[in-house]
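S.K.: Below are the sequence and a predicted model; questions follow.
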Amino acid sequence: MTTPTVLSAALALALAAPARAATPAVLPQTEGFVDAGGVLVYWKSVGKGPPLLVVHGGPGASHDYFLPHLLPLARTNRLVFVDERGSGRSERLEDASLYTVANMVEDLEAVRSALDLGKVHLLGHSFGGVLAQAYAFRYPQNLRSLVLCSTFHTTAAINKALADMKARMAPELRERIDRMEKAGLYGKGEPWQQGRYPDEYMKAAWAEGYFPYLYQARPDPTYTPDPGAMMGWAVYRQMWGSTGEYVVDGNLADLDFTEQLRKLRVPTLVTVGDHDESAPWIAEEMARLVPGAKLVVLPRSGHMTFVDQPLAFRKAVEEFLRAH
């Protein structure tokens, strides 16, 4: 006869209870402003681990478009997002001539130093990649690695890519855009509209013209060609220029980092979408220039690679950061 097993009351309850899930991790979030030489620069920090400084595009956009897409990286890294001077939540300046790459580099350094981040990984997207390159040339000793996403290293290159985009447009759209650009884009409409593109031009250039180069696999259902209240239009006009979307003729007009990239000795990852407005051939050239650089081309992806291919993008970045 089998002797029955006698369970204590406590053990019986433990066996009957469902298995406990692991304690949820709490990822810290902080934000603030750094007074960078008289300019208040906004930052937001999420997560913990080796710091990853994240720089947005535009010029004149804000860090908001990275969210929530980059948040999973906060599981392994402390993400520090920065709104560049004149953009997002950072201070607007009366003198637009102070919106320069060199000044923005010093703003990034002020944030790194004020937050006591030590050596950082630096990720720049679009125009933010231009700024990240310039920071790497000025402060290589402060970097663990450099991640350049959907960006460019010379204005000549991005202007060619933009001209190619325009040439591939339907003739009616191209003629409509040309007509508005010839008439001038600023100073139109009501007083509150005169410091930005006309709504008609934003729709034609950013929605009809750019959209196929922004998204491929996962078009954002919330996308609108109006960049919203966080947009720093004075920054955009000063740096990109006043002619329109398909030529850079502001104070970025003469940018050429070719020779500096040849001398760069920071571990570098270059990413790009295969349908990117910053054309893949630009990324390929950048990766060839930087000694030892790694290139990742994301399939079925436009400029917003972390939206189109979120898992593949994060995997590429996570593996690269872990290696450095």
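M.R.: It's in. In this text the structure is predicted, and so the values were computed from the model without any measurement.
S.K.: Now tell me what touches stretch 36-45 from outside.
M.R.: The set of residues that contact stretch 36-45 without belonging to it, under CB atoms under 8 Å, 6 or more residues apart in numbering, is 28-35, 63, 78-85, 88-91, 93, 98, 103, 106-107, 110-111, 115. The C-beta positions use only the backbone N, C-alpha and C, and glycine is treated the same way.
S.K.: Restricted to helices, list those residues.
M.R.: When DSSP state H defines the helices, the subset of the contacts of stretch 36-45 inside them is 103, 106-107, 110-111.
S.K.: from these, which single one is nearest Gly49?
M.R.: Minimum separation from Gly49 among the ones in helices among the contacts of stretch 36-45 (CB to CB) is found for Val111, which lies at 17.7 Å.
S.K.: Would you mind measuring from the closest one to Val248?
M.R.: With distances taken as CB to CB, to the nearest Å, Val111 is found 26 Å from Val248.
S.K.: Now for the residue nearest to the spatial centre of the chain: which residues touch it?
M.R.: Residue closest to the average C-alpha location in the chain (CA atoms, centre = their mean): His125, at 3.1 Å. His125 makes contact with 54-57, 66, 149-151, according to CB under 8 Å, 6+ apart.
S.K.: Phi, psi for it please.
M.R.: Main-chain torsions, His125, degrees, to the nearest 10: phi -110, psi 130.
S.K.: All further residue positions should be reported with the first residue as 220.
M.R.: Fine by me, first position is 220 from now on; the one you just mentioned is His344.
S.K.: which residue packs closest to it, ignoring adjacent ones?
M.R.: Cys368 (4.3 Å; CB to CB, 6 or more residues apart in numbering).
S.K.: quick one: that neighbour and Val526, what's the gap?
M.R.: From Cys368 over to Val526 (counting by CB to CB), the distance is 12 Å.
S.K.: More neighbours: which of the two?
M.R.: Neighbours per residue, other CB atoms under 10 Å: of Cys368 and Val526, the larger number sits with Cys368, 31 against 22.
S.K.: Quick check: the more buried one vs Tyr416, distance?
M.R.: Relative to Tyr416, and taking CB to CB, Cys368 is found at 25 Å.
S.K.: State the distance from Ala376 to Val467.
M.R.: Going from Ala376 to Val467 by CB to CB gives 10 Å.
S.K.: make that Lys422, sorry
M.R.: Counting by CB to CB, the gap between Lys422 and Val467 amounts to 21 Å.
S.K.: More neighbours: those two, which one.
M.R.: Ranked by neighbour count (other CB under 10 Å), Lys422 and Val467 place Val467 first, with 21 against 15.
S.K.: ok, the closest residue in space to that one that isn't next to it in sequence to Thr524 distance?
M.R.: Beyond its immediate neighbours in the sequence, the residue positioned closest to Val467 (CB to CB, 6+ apart) is Thr374, lying 5.1 Å away. Separation of Thr374 from Thr524 (CB to CB): 22 Å.
S.K.: which stretches of the stretch 220-369 of the chain form strands?
M.R.: Using DSSP state E, counting those that start in this stretch, the strands of the stretch 220-369 of the chain run over 248-255, 258-265, 270-274, 297-301, 339-344, 362-368.
S.K.: from the contacts of His344, which single one is nearest Val339?
M.R.: Closest approach to Val339 among the contacts of His344 (CB to CB): Val273, at 10.1 Å.
S.K.: lowest-confidence helix or strand of this protein?
M.R.: Every helix and strand of the chain was ranked by mean pLDDT, DSSP states H and E. The lowest is helix 228-235, at a mean of 44.
S.K.: per-residue confidence for the closest residue to Pro518 other than its chain neighbours?
M.R.: In space, and not counting its chain neighbours, Pro518 is closest to Asp493: 5.5 Å by CB to CB, 6+ apart. Per-residue confidence for Asp493 comes out at a pLDDT of 98.
S.K.: close enough to count as contact, Asp493 and Leu514?
M.R.: No: taking CB atoms under 8 Å as the definition, Asp493 is not a contact partner of Leu514, at 12.0 Å.
S.K.: Now do stretch 366-375: distance to the chain's middle.
M.R.: Mean-position distance between stretch 366-375 and its chain equals 11 Å (CA atoms, centre = their mean, to the nearest Å).
S.K.: If you count neighbours, what's buried in that stretch?
M.R.: Of the residues in stretch 366-375, those buried under the neighbour-count criterion (16 or more other CB atoms under 10 Å) are 366-374.
S.K.: want to try JSON lines for these, with distance to Asp439 as columns?
M.R.: Output for the buried residues of stretch 366-375, formatted as JSON lines (distance: CB to CB, whole Å):
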{"residue": "Val366", "distance to Asp439": "22"}
{"residue": "Leu367", "distance to Asp439": "22"}
{"residue": "Cys368", "distance to Asp439": "17"}
{"residue": "Ser369", "distance to Asp439": "15"}
{"residue": "Thr370", "distance to Asp439": "20"}
{"residue": "Phe371", "distance to Asp439": "23"}
{"residue": "His372", "distance to Asp439": "27"}
{"residue": "Thr373", "distance to Asp439": "29"}
{"residue": "Thr374", "distance to Asp439": "28"}
